[in-house]
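S.K.: here are the coordinates; sequence isn't available:
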C-alpha cells in the first residue's frame with residue numbers, strides 16, 4: 001500500500017510511514033520479489049528500479 005500511488009490492499013506491507021524501508025531493501029524487493037510480490041528485475045532496467053525505489057522512499061515518509 002502506498003497512498004501517493006493510490007495503492008490499497010491487504011497483501012503486503014504498508015509503505016507509508018514504514019520506518020524499516022531503505023533504498024537497498026526496496027531495490028532488492030523490486031528486483032527479486034518476495035512473499036506475494038513478483039520479481040521485476042527481468043522487466044525493469046536497473047535505472048527504472050533505482051528510480052522506483054527513490055520515489056517510494058520520497059513519498060512514503
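M.R.: Sure thing, it's come through. These figures come from a predicted structure and were not determined experimentally.
S.K.: Please read off the pLDDT at the residue positioned nearest the centre of the chain from the model.
M.R.: The centre of the chain sits closest to residue 26, judged by C-alpha atoms, centre = their mean, with a distance of 5.1 Å. Turning to residue 26, the model gives it a pLDDT of 95.
S.K.: Tell me the helices and strands packed up against the helix ranked longest in the chain.
M.R.: For the chain, the helix with the greatest residue count under DSSP state H is helix 46-59. Helix 46-59 is packed against helix 23-32, with contacts defined by 3 or more C-beta pairs under 8 Å, 6 or more residues apart in numbering; DSSP states H and E. For glycine as for every other residue, the C-beta is placed from the backbone atoms N, C-alpha and C.
S.K.: Which positions within the helix it packs on qualify as buried?
M.R.: For helix 23-32, burial by neighbour count (16 or more other C-beta atoms under 10 Å) applies to 26-27, 29-31.
S.K.: Which residues does that helix contact?
M.R.: 34, 37, 39-41, 44, 49-50, 52-54, 56-57 (C-beta atoms under 8 Å, 6 or more residues apart in numbering).
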